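S.K.: sequence-free structure coming up:
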């Protein structure tokens, strides 16, 4: 009977250890779930910021491209005017000969 009592005590001790371990794991799991929620919120915020920055980059690129196109068009107009002036000068020189 004493042997049975010792075994029951051992089983009870192991059971208490398992219950304590389970409680620790439940607490740790709760902490990890909370951290996961916080990290997911941060990810969502960063994704939103990323999308906003991408939009800003795209808009800036478009504005710069349009600005460059405007500069290119102005340069073309200037070149055409210079070529026209040169043609007029050549025509005047040809007429004098």
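M.R.: Thanks, I have it. Everything numeric in this text was worked out from a predicted model, so none of it was measured. Numbers count the residues shown, from 1 in each chain.
S.K.: contacting residues around stretch 55-70?
M.R.: Stretch 55-70 is touched from outside by no residue, with contacts defined as CB atoms under 8 Å, 6 or more residues apart in numbering. Placement of C-beta: from N, CA and C, glycine included.
S.K.: mind checking how far stretch 85-95 is from the chain centre?
M.R.: Averaging C-alpha coordinates over stretch 85-95 and over its chain gives two centres that are 60 Å apart (CA atoms, centre = their mean, to the nearest Å).
S.K.: should've said stretch 20-35
M.R.: Distance of stretch 20-35 from the chain centroid (CA atoms, centre = their mean) equals 32 Å.
S.K.: So what touches that stretch?
M.R.: Contacts for stretch 20-35 (CB under 8 Å, 6+ apart): none.
S.K.: what ranges of this structure fall below the confidence cut-off?
M.R.: Under the criterion of pLDDT under 70, the regions of the chain flagged as low confidence span 1, 66-67, 97.
S.K.: any idea where the helices of it begin and end?
M.R.: Counting by DSSP state H, one finds helices in the chain at the ranges 2-96.
S.K.: Show me the residue sitting in the middle of it in space.
M.R.: Among the residues of the chain, the one closest to the centroid is residue 50, at 3.5 Å (CA atoms, centre = their mean).
S.K.: Next one: that one from residue 44, what distance?
M.R.: Plainly put, residue 50 is 11 Å away from residue 44 if you go by CB to CB, to the nearest Å.
S.K.: What of residue 88?
M.R.: In terms of CB to CB, residue 88 sits 66 Å off from residue 44.
S.K.: Check residue 12 too.
M.R.: Between residue 12 and residue 44 the distance is 48 Å, computed by CB to CB.
S.K.: before we move on, what about residue 71?
M.R.: Computed with CB to CB, the distance linking residue 71 and residue 44 is 41 Å.
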